[in-house]
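Novice: Turn this into a structure:
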Amino acid sequence: MTAPRDTKPTPRKHHPRPASASWRSADILRAAAIVAGLLIFLKLLWVANELVIVAFLGTLFGVAVAAGVDRLERFRVPRGVGAAFIVVTFLMILYTLGSFVAPTIAQQGHELKLRLPDAVERAEKWLNSRNPSLMSSLLGTDTTKAPLSVDSAKASAAIPAQVKSARAAAAQDTIAANDTANKVHGGPSTSLRENLGKKLVGSAHYLFPFLTSTAETFAGLLLILMMSVYIGSDPETYKNGLLHLFPKRKRERMDEVMSAMSTMLRKWLVTQLIAMLVIGAASTIALLILGVKAPFALGIIAGLLEFVPTVGPILSAVPAIAMGFLDSPEKALYVGLAYLAIQQLENHLLIPLLMKGGMDLPPVLTIVTQGLMALLFGFLGLMIAVPLLAAVMVPVKMLYVEDALGDDMIVEEDGELEPANPPLRSG
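Specialist: As a prediction, the model looks like this:
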């Protein structure tokens, strides 16, 4: 026979918590100091956001200048001389091109300023003839009169004839005054023009606050040029200074991350500059073929706004389509189709050709980032949204996806970053 088992539970051993796992007063103070310092740093960034954006643009152009200086260094050109030579040459090219096309651009710009209100008015008339309710909702006005109710009709019938005749005479005087005002001011139905003018003025004050002062604009451009020269002439000094902020065991990896970020920014900037030239020239040729007025001015607008991806091409198409309405709605339709075809060729042919091993940026994330930066910082934020997002995505992928999560990211032939060993799918 076996002895009965002892059914008493075995007492669990108590492992005392090590003292190092508890929060000491020094740890709490250190964490509070880090949080407070981070909040102060973010507050300073918010207050000096224009300076931070200008510094980012200077760094962006400095990275591109550094690539050109590297090539000039092969011919034993000193880096400082090479950086200054690249910036001065770029400015001279802009000045030379501007001096050749300035008279034409000035003339067509003046014509665009004079004819655009008429184009907007014709577009309003055409839309009104197609869908009046849409125009009233866009303008925030009610063009339709509500039918009189039974009570209102009875009340109207009870009004004496003398009062009715007086009201009719007042209405005729009002109509005559409106007709006279329309003749004096040059045309009927200026509600759309006035509403658009108010909205454009309000948005311009928000989106372009840096243009309110010529001195601030000139100082910002000068700061960008100086930063591009200094960074392009000696990028290693600033790179090593940033690396010294990290522990020694992390510096090699951070060096790889910063090199990848500079490569991405340089590739994006060079691609955008080439795309600006191509889109500006293609838009000008298309407008010349279609016979749209002020083609060179509209082409320059299209080329400049190409620097802002996604949103810029849409903004550049609006004045061109409006100018097409000066001739006919059909021409405005052809202008819109031409701009759409140019953008499709850019997205599917030009950009993939230039951006070999390009940026893996989801379109929705790009649009959301552009909207957020425009909401917070205006046009300057919208302008740097895409390169800033591209620069941020590089350390996210290399430091978080690769190092923290362990997913190896490799560069495929089409330039997209994908997992080296994708997980098996069930089924």
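Novice: So Val335 is in contact with Leu287, correct?
Specialist: Yes. Using CB atoms under 8 Å, Val335 is in contact with Leu287, at 7.2 Å. The C-beta positions use only the backbone N, C-alpha and C, and glycine is treated the same way.
Novice: what do these two both touch?
Specialist: Contact with both Val335 and Leu287 is made by residues Ala320, according to CB atoms under 8 Å, 6 or more residues apart in numbering.
Novice: Surely Leu223 forms part of a helix?
Specialist: Yes. Counting by DSSP: H, G, I helix; E, B strand; the rest coil, Leu223 is part of a helix.
Novice: hang on, Glu306 packs against Ile274?
Specialist: No. Counting by CB under 8 Å, Glu306 stays clear of Ile274, with 10.0 Å between them.
Novice: Between those two, point out the one with more neighbours.
Specialist: Set side by side, Glu306 and Ile274 show more neighbours around Glu306, with 23 against 15, by other CB atoms under 10 Å.
Novice: Let's see the pLDDT reported for that one.
Specialist: pLDDT, Glu306: 88.
Novice: what's the answer for the one 4 residues further on, then?
Specialist: In this prediction, Thr310 carries a pLDDT score of 79.
Novice: residues in contact with it?
Specialist: Thr310 is in contact with Pro363, Thr366, Ile367, Gln370, Val386, counting by CB under 8 Å, 6+ apart.
Novice: So the closest residue to the third one other than its chain neighbours versus Ala320, what's the distance?
Specialist: Using CB to CB, 6 or more residues apart in numbering and skipping the chain neighbours, the partner closest in space to Ile367 is Thr310 (6.1 Å). Taken as CB to CB, to the nearest Å, the spacing of Thr310 relative to Ala320 amounts to 18 Å.
Novice: ranges for the strands of the chain?
Specialist: Along the chain, counting by DSSP state E, strands occupy 409-411, 417-419.
Novice: If you average pLDDT over each of those strands, which is lowest?
Specialist: For the strands of the chain, the weakest mean pLDDT is recorded on strand 417-419, namely a mean of 45.
Novice: can you point me to the longest helix in the chain?
Specialist: helix 79-130 (DSSP state H).
Novice: packing partners for it?
Specialist: Using 3 or more CB pairs under 8 Å, 6 or more residues apart in numbering; DSSP states H and E, the elements in contact with helix 79-130 are helix 49-73, helix 132-139, helix 191-207, helix 214-233, helix 295-305, helix 311-324.
Novice: for the record, mean pLDDT for the third one?
Specialist: Which is helix 191-207. According to the model, helix 191-207 has a mean pLDDT of 51.
Novice: can you check the fourth one too?
Specialist: Per-residue pLDDT over helix 214-233 has a mean of 85.
Novice: For it, which residues meet the burial criterion?
Specialist: By 16 or more other CB atoms under 10 Å, the buried positions in helix 214-233 come out as Gly220, Ile224, Leu225, Met227, Ser228, Val229, Tyr230, Ile231, Gly232, Ser233.
Novice: Please verify my assumption that the first one contacts Ala55.
Specialist: No. Counting by CB under 8 Å, Ala55 is not a contact partner of Gly220; they are 10.2 Å apart.
Novice: How many residues are close by His383?
Specialist: Quick fix: residue 383 is Met, not His. Using other CB under 10 Å, Met383 is surrounded by 22 other residues.
Novice: Okay, helices next: where are they in the stretch 251-400 of the chain?
Specialist: Listed in chain order, the helices of the stretch 251-400 of the chain (DSSP state H, counting those that start in this stretch) span 295-305, 311-324, 329-345, 351-354, 363-395.
Novice: ok, and what's touching the first one?
Specialist: When contacts are defined by CB under 8 Å, 6+ apart, helix 295-305 is touched by residues 101, 104-105, 108-109, 111-112, 276-277, 279-281, 283-285, 287-288, 292, 312-313, 315-317, 319-320, 323, 339.
Novice: 6 Å instead?
Specialist: For helix 295-305, contacts defined as CB atoms under 6 Å, 6 or more residues apart in numbering pick out 104-105, 108-109, 112, 276, 279-280, 283-284, 287-288, 312, 315-316, 320.
Novice: Enumerate the positions of that helix that are buried.
Specialist: Neighbour-count burial for helix 295-305, counted by 16+ other CB under 10 Å, picks out Pro295, Phe296, Ala297, Leu298, Gly299, Ile300, Ile301, Ala302, Gly303, Leu305.
Novice: same question, stretch 245-258
Specialist: In stretch 245-258, counting by 16+ other CB under 10 Å, buried: Met254, Val257, Met258.
Novice: for stretch 78-85, same thing?
Specialist: So, applying 16+ other CB under 10 Å, buried residues of stretch 78-85: Arg79, Gly82, Ala83, Ala84, Phe85.
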